[in-house]
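[1] Provide a 3D model corresponding to the input given below.
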Amino acid sequence: MPFTRPQAALLARRLREPRRFLMAVVGPRQVGKTTLVQQVTEASGLATRFASADEPTLRGVSWIEQQWEAARLSAEDAGRRGAVLVLDEIQKLTGWSESVKRRWDEDTRSRRRLKVILLGSAPLLIPHGLSESLAGRFETLHLPHWSLGEMRSAFGWSVDQFVFHGGYPGAAPLIRNNSRWARYILDSLVETTISRDVLLLSRVDKPALLRRLFQLGCSY
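    You can find the predicted model right below:
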C-alpha cells in the first residue's frame, strides 16, 4: 500500500470545503508533492485535470488557458460536485500569475465549481506570483522533506541512515549502492536545482562557474 504523508489529510479537508481559495502546494524537489496531490484527488472522487508545465508542447500562458477551459468543461459536466484543476511547475511560464488571477476571478464571478491546486517550489511560486498578483486568493500547504518518522515507517530506516541520506523518498531504494545513490542525488536534485530553479530566480551569466562553485563548496 502506498505511503501517505500526514499533509494529505489537510489537503483532502480543503477539497471538501466550498471553493474559497487557490491551493498552493509548495516544497523542495523530490519530496512527493505531485504524488500527494494525485493520491488526494483520486481518493476524493472529483473530476480532476492534471497538467504539468514540463510538457514539451506548451507555449506560454496560452497553455494555461487551454488547461483551464478544459477543466471548466469538466466542472460543468460534474454539476454540483464540481472539478479540480491541478497545474504543476507553473512557475516556469512567464506571466503565469496574471493569467491565473484573471481566470480565477472569472470563475468566482460566475460561481463556477472549479477548485485549483498549484504545485511548485516555494522560493519560485511565492515571491514571483502568489504574493504579488494573487494576494488574498490562495492558501499554502507546505510540504517539507520527509521526517525520520516517515522514512522509518515507509522504508525502515535507522537514525544513521536518515542523517546520512536525508529525507528523499525517491532515492531511498538506492542506498545500498552508494555510487548509484550519489548519482541520483546529483542528477535529480543538485543539477535540476541549479539548471532550473536557480536560473529562474535570478540572472546567471556563467552557469558553468556556478556549478563549479557548488562543487568546490561541497568539497570543503
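
[2] now stretch 112-123, how far from the centre of its chain.
    Counting by C-alpha atoms, centre = their mean, to the nearest Å, stretch 112-123 is centred 9 Å from the centre of its parent chain.

[3] Now it: average pLDDT?
    If you average the pLDDT over stretch 112-123, you get 88.

[4] same deal with stretch 4-20?
    Mean predicted lDDT for stretch 4-20 stands at 95.

[5] ends of that stretch, how far apart?
    Terminal residues of stretch 4-20 are spaced 25 Å apart (C-alpha to C-alpha, to the nearest Å).

[6] So which bits of it are buried?
    4-5, 7-8, 11, 14-15, 19 (16 or more other C-beta atoms under 10 Å). Backbone N, C-alpha and C define where each C-beta goes, glycine included.

[7] for the residues you listed, which one is nearest Glu191?
    Glu191 lies nearest to Arg5 out of these, by C-beta to C-beta, at 25.5 Å.

[8] ok, for the closest one, nearest residue in space, not its chain neighbours?
    Distances taken as C-beta to C-beta, 6 or more residues apart in numbering place Leu36 nearest to Arg5, at 5.7 Å, with adjacent residues excluded.

[9] Likewise for Arg196?
    According to C-beta to C-beta, 6+ apart, the nearest residue to Arg196 is Lys92 (7.8 Å).

[10] Strands of this protein, residue ranges please.
    22-26, 47-52, 83-88, 114-120, 138-142 (DSSP state E).

[11] Those strands: which one's closest to Val159?
    strand 138-142 (24.1 Å).

[12] packing partners for that closest one?
    Contacts defined by 3 or more C-beta pairs under 8 Å, 6 or more residues apart in numbering; DSSP states H and E place strand 138-142 against helix 7-16, strand 22-26.

[13] right, and these - which one's nearest His165?
    helix 7-16 (21.5 Å).

[14] what's the distance between the closest one and the middle of its chain?
    15 Å.

[15] what do you get for stretch 15-35?
    7 Å.

[16] how near is Glu139 to Leu119?
    14 Å (C-beta to C-beta, to the nearest Å).

[17] Give me the common contacts of the two.
    Listed as contacting both Glu139 and Leu119 by C-beta atoms under 8 Å, 6 or more residues apart in numbering are Ala24.

[18] So those two - more neighbours on which side?
    In this view Glu139 and Leu119 are compared by other C-beta atoms under 10 Å, and Leu119 has more residues nearby, 25 against 11.

[19] so that one makes contact with Met23?
    No. Using C-beta atoms under 8 Å, Leu119 is not in contact with Met23; the gap is 9.5 Å.

[20] can you give me the helices for this protein?
    7-16, 33-44, 62-78, 96-110, 122-125, 148-155, 159-165, 178-185, 191-192, 199-201, 207-219 (DSSP state H).

[21] weakest of those by average pLDDT?
    helix 122-125 (a mean of 64).

[22] in stretch 93-108, what counts as buried?
    Applying 16+ other C-beta under 10 Å to stretch 93-108 flags 93, 96-97, 99-101, 103-104, 107 as buried.
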